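Asks: Got a predicted model here, sequence first, then my questions.
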Amino acid sequence: MSKRALHAGAGLAAVLLVLGSGGAHADTGAAHFQESFPKLVHYLNFTEILQLSVYEEIVATNKSDEFAIGKALMLEQVTELQQTEESHYHTAGNHLATLSPYRVFESRAMPGMLAMIRRQDGLADRHEFLSRSEAVPAQVVEILQKGDAFVIRILDIYLDKTVADKGAAVDAALAHYLQDSTLSVPSKPKSSDLLSKHQYAYSFRVGFPQLSGLTWASQWLQLAVLETVMAGSEQTLEKNLNMVIELYERKLAPTHGTMLQLPTDIPTTPVIAPTLFNRHQAVAYVIDNLAAFEVVVGDVLAYPDVDDLDEAIADIVQDFTSKEEEIDDDMRYLEFVLRGGIYNQGGPATGGMEESERNQSRAATGAGHSAPTYTMF
C-alpha cells in the first residue's frame with residue numbers, strides 16, 4: 001500500500017457547526033430548531049470535540065507506565081478476537097467486558113467527559129481546543145470537522161422551509177463535500193475488512209468500552225435526529241425530538257446502580273436512520289464511512305506501542321479517503337451492518353429498547369406467525 005503524506009498546515013479549517021448559520025435564508029427551520037432545542041444543538045455541535053477528547057485520553061493512557069497490566073490484558077483479548085475464524089466487528093457484543101482492562105483509568109476519566117458533554121458553554125473555546133489538540137495529525141482533525149459539518153448541513157436542508165427540492169439540495173451538499181478528496185470519504189461503502197481485519201482491529205472497543213461507547217452514543221444522536229427530522233411530520237417533530245434528547249441522556253446516566261447504557265456497536269444508517277438510507281444512500285455511506293474511520297483511528301491509538309504511529313494513521317487516511325479502492329458491494333455492506341442488531345447500536349431513534357432482539361423467539365419478541373422473519377447475521 002502506498003503512503004500518502006499527511007496534510008500539513010499551520011491552521012485548521014474554521015468550520016462553523018452551528019445550526020441556522022448556513023446562509024442568508026430568511027425563514028429557516030434551522031433557526032427555529034436552534035431556538036427551540038438549544039441542548040440538542042449543543043450535543044450535535046460537540047461531536048468532534050468529544051471524539052478528539054477521547055483520543056487524547058487514550059493517548060495519555062498509553063503513555064503511562066501505570067497501566068502495564070491493562071495493556072497486557074487488552075492485547076490478549078484483541079489477539080483472541082483477531083484469531084477467531086468468524087471474527088466480525090458487528091457482533092452481539094458478548095465478548096465486551098463491562099469493565100475494561102483500563103477500568104481504573106476509565107472510572108477516572110468518565111465523570112470529566114460526561115461533565116464536558118453537559119456543559120452548555122463548552123463550545124466557547126472550541127477553536128482553541130481544536131488547534132491545540134495533538135492526539136492525531138491535523139488532517140484527521142479536518143476530516144472529522146468536515147464530516148460533522150456535512151451532517152449538520154443535511155439536517156439544515158431538511159429544516160429549512162425555503163428549500164423546496166430537498167433532494168437537489170442534498171445532492172449539491174454531497175458534491176461540495178466530496179470536492180476535496182484529501183478530506184472526504186467516499187459515497188460508496190468501504191470494505192468491512194478495513195474495520196475488522198486490520199492489524200490493530202478491536203483495540204478501541206476492547207480497551208476502552210466506555211469511551212468508545214460514549215462516541216457511539218454521539219453518533220447515535222446524529223443519526224436519530226436525522227431520522228426524526230426526515231421521517232416525522234411537522235406536527236410531531238417537537239415531541240419526537242424531545243424523546244431523542246431523553247433517550248440520549250439516558251445513555252449518559254447510570255440507572256438503578258448499573259453502568260452507563262452506552263451502545264456496544266457502531267450505530268449505522270440502515271439500522272438507526274433507515275429513512276436517510278432509503279432517500280439518500282450516498283449520504284448514508286459517507287456517514288457510515290466516517291464512523292468506521294473514527295473507530296480505526298481509535299484502534300491504532302489504543303493499541304500499545306505501535307512502531308510508527310504517524311505512518312499507521314497515514315495509511316488509514318489513505319484507505320478511507322480513496323474513492324476507488326476497498327469499496328464493498330451494497331448487499332455485503334447491509335449484511336455487515338445489520339449483523340449486530342439494533343439494540344447494540346443504541347436502539348431505535350425514538351422508541352427505545354430494553355433488551356437485545358438478537359436470537360429471540362417469536363413469542364419473546366411479540367411477533368405472531370404472520371409476522372415477517374428477520375435474520376440476524
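Replies: Yep, that arrived.

Asks: in stretch 193-206, what's buried?
Replies: Leu194, Leu195, Ser196, His198, Tyr200, Ala201, Tyr202, Ser203, Phe204, Arg205, Val206 (16 or more other Cβ atoms under 10 Å). Just so you know, the C-beta spots here come from the backbone N, C-alpha and C atoms, and that holds for glycine as well.

Asks: tell me the mean pLDDT for it?
Replies: Summarised as a single mean, pLDDT over stretch 193-206 is 90.

Asks: Between all of the buried residues of stretch 193-206, which two are separated the most?
Replies: Leu194 and Val206 (17.7 Å; Cβ to Cβ).

Asks: hey, which helix or strand in this protein has the poorest pLDDT?
Replies: Ranking every helix and strand in the chain by mean pLDDT, DSSP states H and E puts helix 362-365 at the bottom, with a mean of 44.

Asks: which residues sit in contact with the residue positioned nearest the centre of the chain?
Replies: In the chain, the C-alpha closest to the average C-alpha coordinate belongs to Gln219, at a distance of 3.6 Å (Cα atoms, centre = their mean). Shown in contact with Gln219 (Cβ atoms under 8 Å, 6 or more residues apart in numbering): Thr47, Pro263, Ile266, Pro267, Ala291.

Asks: can we see that at 7 Å?
Replies: Neighbour list for Gln219: Ile266, Pro267, Ala291 [criterion: Cβ atoms under 7 Å, 6 or more residues apart in numbering].

Asks: Relative to Ala349, how far out is the second one?
Replies: Taking Cβ to Cβ, to the nearest Å as the measure, Pro267 and Ala349 are separated by 10 Å.

Asks: Stretch 137-154: which residues count as buried?
Replies: 137-154.

Asks: can you confirm Trp262 is in a helix?
Replies: I think there's a mix-up here, since residue 262 is Leu and not Trp. No: counting by DSSP: H, G, I helix; E, B strand; the rest coil, Leu262 is located in no helix; its state is coil.

Asks: Now do the contacts for it.
Replies: Leu262 neighbours (Cβ under 7 Å, 6+ apart): Gln210, Gly213, Leu214, Trp216, Ala217, Lys251.

Asks: Excluding chain neighbours, what is closest to it?
Replies: Gly213 (2.9 Å; Cβ to Cβ, 6 or more residues apart in numbering).

Asks: Can you point out the buried residues in the helix or strand where the one you found lies?
Replies: Assigned by DSSP states H and E, Gly213 belongs to helix 209-231. Of all the residues in helix 209-231, those buried under the rule 16+ other Cβ under 10 Å are 209-231.

Asks: Give me the average confidence score over that helix.
Replies: 94.

Asks: same check, this time on stretch 337-349
Replies: On average, stretch 337-349 scores 86.

Asks: how long is it end to end?
Replies: Chord length of stretch 337-349, first to last residue, is 16 Å (Cα to Cα, to the nearest Å).

Asks: Off-centre distance for that stretch?
Replies: 13 Å (Cα atoms, centre = their mean, to the nearest Å).

Asks: Over to stretch 148-159?
Replies: Using Cα atoms, centre = their mean, the offset of stretch 148-159 from its chain centre is 16 Å.

Asks: Could you do stretch 165-176 as well?
Replies: 22 Å.

Asks: who wins for neighbours among the contacts of Gln219?
Replies: Pro267 (27 neighbours; other Cβ atoms under 10 Å).

Asks: which ones are touching that one?
Replies: Trp216, Gln219, Trp220, Leu223, Gln345, Gly346.

Asks: which residues sit in contact with the residue nearest to Leu262?
Replies: Leu260, Leu262, Pro263, Thr264.

Asks: Tabulate the residues you listed in JSON lines, adding columns for distance to Val185.
Replies: Shown next, in JSON lines, are the contacts of Gly213 (distance: Cβ to Cβ, whole Å):
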{"residue": "Leu260", "distance to Val185": "29"}
{"residue": "Leu262", "distance to Val185": "24"}
{"residue": "Pro263", "distance to Val185": "21"}
{"residue": "Thr264", "distance to Val185": "24"}
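
Asks: could you flag which of these are buried?
Replies: Leu260, Leu262, Pro263, Thr264.

Asks: Pick out whichever of these sits closest to Tyr158.
Replies: Once Cβ to Cβ is applied, the member of these that ends up nearest Tyr158 is Pro263, at 24.0 Å.

Asks: any idea how far the closest one is from Leu178?
Replies: Applying Cβ to Cβ to Pro263 and Leu178 gives a distance of 28 Å.

Asks: And Ile245, by the same measure?
Replies: 31 Å.

Asks: Reformat the contacts of Gln219 as JSON lines; add secondary structure.
Replies: Below are the contacts of Gln219 laid out as JSON lines (three-state DSSP):
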{"residue": "Ile266", "secondary structure": "coil"}
{"residue": "Pro267", "secondary structure": "coil"}
{"residue": "Ala291", "secondary structure": "helix"}
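
Asks: Redo the residues you listed as a markdown table? Include pLDDT.
Replies: Shown next, in a markdown table, are the contacts of Gln219 (pLDDT from 0 to 100):
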| residue | pLDDT |
| --- | --- |
| Ile266 | 94 |
| Pro267 | 95 |
| Ala291 | 96 |
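
Asks: Check those residues against Leu237 and report the nearest one.
Replies: Closest to Leu237, out of all of the contacts of Gln219 and judged by Cβ to Cβ, is Pro267, at 21.0 Å.

Asks: so what pLDDT did His95 get?
Replies: Listed pLDDT for His95 reads 44.
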